[in-house]
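Student: Model the following, please.
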Amino acid sequence: MEHTSIGSKIIYLDQFVISNIAKVISPDFQREIDHHEYWVVLYKIFIRLTKKGLIIVPYSNIHQNESLFSRDKESLIRLYEVLGNGVSFRSIDYIQRMQIIEHCRNWMKGIKSDISIDINKVLNGRIDSIPDRFIVTSHISNNQFWMDALSRTRDSGKLSLIEVFKKWISSGQEEVTSYSVCKPAR
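Tutor: Numbering: from 1, shown residues only. Predicted coordinates:
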């Protein structure tokens, strides 16, 4: 768990937990869940802590992918938004790519260091704010703005990797001999 600047703790919930909580708050699925009272209590605790700004429970693209085939995916999506207060994890591919780029930049500068995980770089949304009273959601298809932004990100990464390979080729090394372990930033 990482703390935000206003003291909120960031908690990752597995899809199993989120799905069971969604079932107890959805009238159509309440009878399908074991240990019903446990999930109700857990839901109430998470909602209370979220509304007080003490926790943020971001969702990820993995959560979204796992809920695609759910009979109640709208309830799941709404629960992601409410518990996360509009905060989500960036995609795993993006996070891994940024870690590789950071490691390559350090390697090019001759810096041997562990790769840190900056919470502001792995999350989308405002993590340092009091929860909103209202959350307004709209579902839009992929538009040109989104596609252009994705293209710029991809091109930026490509240019960085080209520089890494140029340095690697000029160094005469046949294989990469260094790596580092990722550790959370403090």
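Student: Break this protein into its domains for me.
Tutor: 2-88, 94-121+142-184 (automatic domain parsing).
Student: Of those domains, which stretch is the most buried?
Tutor: Of all the domains of the chain, domain 2-88 carries the top mean neighbour count, a mean of 16, counting by mean count of other C-beta atoms under 10 Å. Heads up, the C-betas are built off the backbone N, CA and C, glycines and all.
Student: max-length helix in the protein?
Tutor: helix 144-171 (DSSP state H).
Student: give the contact list for the residue nearest the centre of the chain.
Tutor: Among the residues of the chain, the one closest to the centroid is residue 89, at 1.3 Å (C-alpha atoms, centre = their mean). Applying C-beta atoms under 8 Å, 6 or more residues apart in numbering, we find residue 89 in contact with 12, 58-61, 95, 122-124.
Student: closest to residue 103 among the residues you listed?
Tutor: Checking the contacts of residue 89 against residue 103 with C-beta to C-beta, the nearest one is residue 95 at 12.8 Å.
Student: residues touching the closest one, list them.
Tutor: Contact analysis of residue 95 by C-beta under 8 Å, 6+ apart lists 89, 117, 121-122.
Student: Quick one, grab the pLDDT at the residue nearest to residue 25 when sequence neighbours are not counted.
Tutor: Nearest residue to residue 25, sequence neighbours excluded (C-beta to C-beta, 6 or more residues apart in numbering): residue 43, at 6.2 Å. The per-residue pLDDT reported for residue 43 equals 92.
Student: Also residue 110?
Tutor: 88.
Student: Phi and psi next, for it.
Tutor: Dihedral angles of residue 110 (phi, psi; degrees, to the nearest 10) stand at phi 80, psi 20.
Student: Check the gap between it and residue 19 for me.
Tutor: 48 Å (C-beta to C-beta, to the nearest Å).
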